[in-house]
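K.L.:
this is the structure alone, sequence omitted:
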Ligand SMILES: [Zn+2]
């Protein structure tokens, strides 16, 4: 299990398992001859992508950032992506029951980021974390109601609409501090309103950067995913992120990296980016 301390906080990576993503979609315009040096696809050109959530124990609150794919996918979606559904087991292994989660934060509302927000209980959809206050970007939720033809498949309204309707989910504008030391910041690119989660305690900072930099293989400015709706903004947002995260030595958390869930991004004198893994 990946666990570390950050000031007074304890950080644990809890995974929902791995799912399939097409290698071409994962690396966008980067030729396969280049990305296949870093990772080997299967015979259908699929890669194992991680589904890393971050559990932050502040001492006062248990905060869960992102909730994986969940267990409500349609048969067709299961065929394409698989449905590992391991998050609750891995939370249990980390010593936390669903009732003990106080806060859930979603960076955006694609199905592979908010799936365990809710579960089906007979015909009803109920919160998977019954006592939690949920948070998600307001712009994401507005967009999710009328998505483009291109990414409509990425939204499953049962993951968030019941929570918004019941008042259990609060919608964020970006910039809010949710509990002391945990705040959100909008980084457009993957979507227009995706928010990274910044966690700070005693002068140290970690950032759950979500799909702005989905894995440690994507730190190069131009290695964006084909899924990104605004690829030029991905580059600008990464520049903005690196300008702060590299000199201040933020611990970056990668959602979809099944091997290296976190590390410190570094830049040498020539501007070449690399990752120092967290040991
Ligand atoms: Zn994603």
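P.N.:
Yes, it's here. Please read these numbers as outputs of a predicted model, since none were measured by experiment.
K.L.:
from here on, just use CA atoms for contacts and neighbour counts.
P.N.:
OK.
K.L.:
show me what contacts the spatially most central residue of the chain?
P.N.:
Compute the mean C-alpha point of the chain, and by CA atoms, centre = their mean the closest residue is residue 210, 3.8 Å away. With contacts taken as CA atoms under 8 Å, 6 or more residues apart in numbering, residue 210 has the following neighbours: 107, 195-196, 253-255.
K.L.:
now, which of the residues you listed sits nearest residue 131?
P.N.:
The shortest approach to residue 131 among the contacts of residue 210 belongs to residue 107, at 19.8 Å (CA to CA).
K.L.:
which parts of the helix or strand where residue 165 lies are buried?
P.N.:
When secondary structure is defined using DSSP states H and E, the element that contains residue 165 is helix 161-166. When neighbours are counted by 16 or more other CA atoms under 10 Å, the buried residues of helix 161-166 are found to be 161-164.
K.L.:
for stretch 77-92, same thing?
P.N.:
Using 16+ other CA under 10 Å as the burial criterion, the residues of stretch 77-92 that qualify are 81-88, 90-91.
K.L.:
okay, and which of these map to helices?
P.N.:
Using DSSP state H, the members of the buried residues of stretch 77-92 that fall in helices are 81, 87-88, 90-91.
K.L.:
distance to residue 270 and pLDDT for the residues you listed - can I get that in a markdown table?
P.N.:
Listed next are those as a markdown table, based on distance: CA to CA, whole Å; pLDDT from 0 to 100:
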| residue | distance to residue 270 | pLDDT |
| --- | --- | --- |
| 81 | 39 | 93 |
| 87 | 40 | 98 |
| 88 | 44 | 98 |
| 90 | 41 | 98 |
| 91 | 41 | 98 |
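K.L.:
need those in TSV (columns: distance to residue 137).
P.N.:
Compiled in TSV, these are given as follows (distance: CA to CA, whole Å):
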residue	distance to residue 137
81	25
87	22
88	24
90	26
91	24
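K.L.:
and residue 118, what is it in contact with?
P.N.:
Applying CA under 8 Å, 6+ apart, we find residue 118 in contact with 70, 125-129, 158-160.
K.L.:
check the residue nearest to the centre of the chain and give its pLDDT.
P.N.:
Residue-level confidence at residue 210 comes out at 98, pLDDT.
K.L.:
what about it, distance to residue 98?
P.N.:
Going from residue 210 to residue 98 by CA to CA, to the nearest Å gives 22 Å.
K.L.:
now do residue 182
P.N.:
In this structure, residue 182 and residue 98 are 20 Å apart, going by CA to CA.
K.L.:
neighbour count winner among these two?
P.N.:
Set side by side, residue 182 and residue 98 show more neighbours around residue 182, with 19 against 15, by other CA atoms under 10 Å.
K.L.:
give the buried residues for the one helix or strand residue 276 maps to.
P.N.:
Assigned by DSSP H and E, residue 276 belongs to strand 273-277. Neighbour-count burial for strand 273-277 flags 274-275 (criterion: 16+ other CA under 10 Å).
K.L.:
show me the helices in the stretch 101-250 of the chain, by range?
P.N.:
For the stretch 101-250 of the chain, applying DSSP state H, counting those that start in this stretch gives helices covering 138-145, 161-166, 231-245.
K.L.:
those helices: which one's closest to residue 45?
P.N.:
Of all these, it is helix 231-245 that lies closest to residue 45, at 22.5 Å by CA to CA.
K.L.:
any idea which helix or strand comes after that closest one?
P.N.:
As the chain continues past helix 231-245, the following element, by DSSP H and E, is strand 251-253.
K.L.:
which strands border that following strand, and is each parallel or antiparallel?
P.N.:
strand 204-208 (parallel), strand 262-267 (antiparallel) (DSSP bridges).
K.L.:
picking that back up, now the buried residues of helix 161-166 in TSV, with distance to residue 62 and pLDDT?
P.N.:
TSV is the format used below for these (distance: CA to CA, whole Å; pLDDT from 0 to 100):
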residue	distance to residue 62	pLDDT
161	23	98
162	22	97
163	19	98
164	21	98
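K.L.:
pull the longest strand from the protein.
P.N.:
Secondary structure of the chain read by DSSP state E shows that its longest strand is strand 9-22.
K.L.:
hang on, the earlier thing: gap between the residue nearest to the centre of the chain and residue 40?
P.N.:
On the measure of CA to CA, residue 210 and residue 40 end up 23 Å apart.
K.L.:
do I have it right that residue 7 meets residue 201?
P.N.:
Yes - using CA atoms under 8 Å as the test, residue 7 is close enough to residue 201 to be in contact (4.7 Å).
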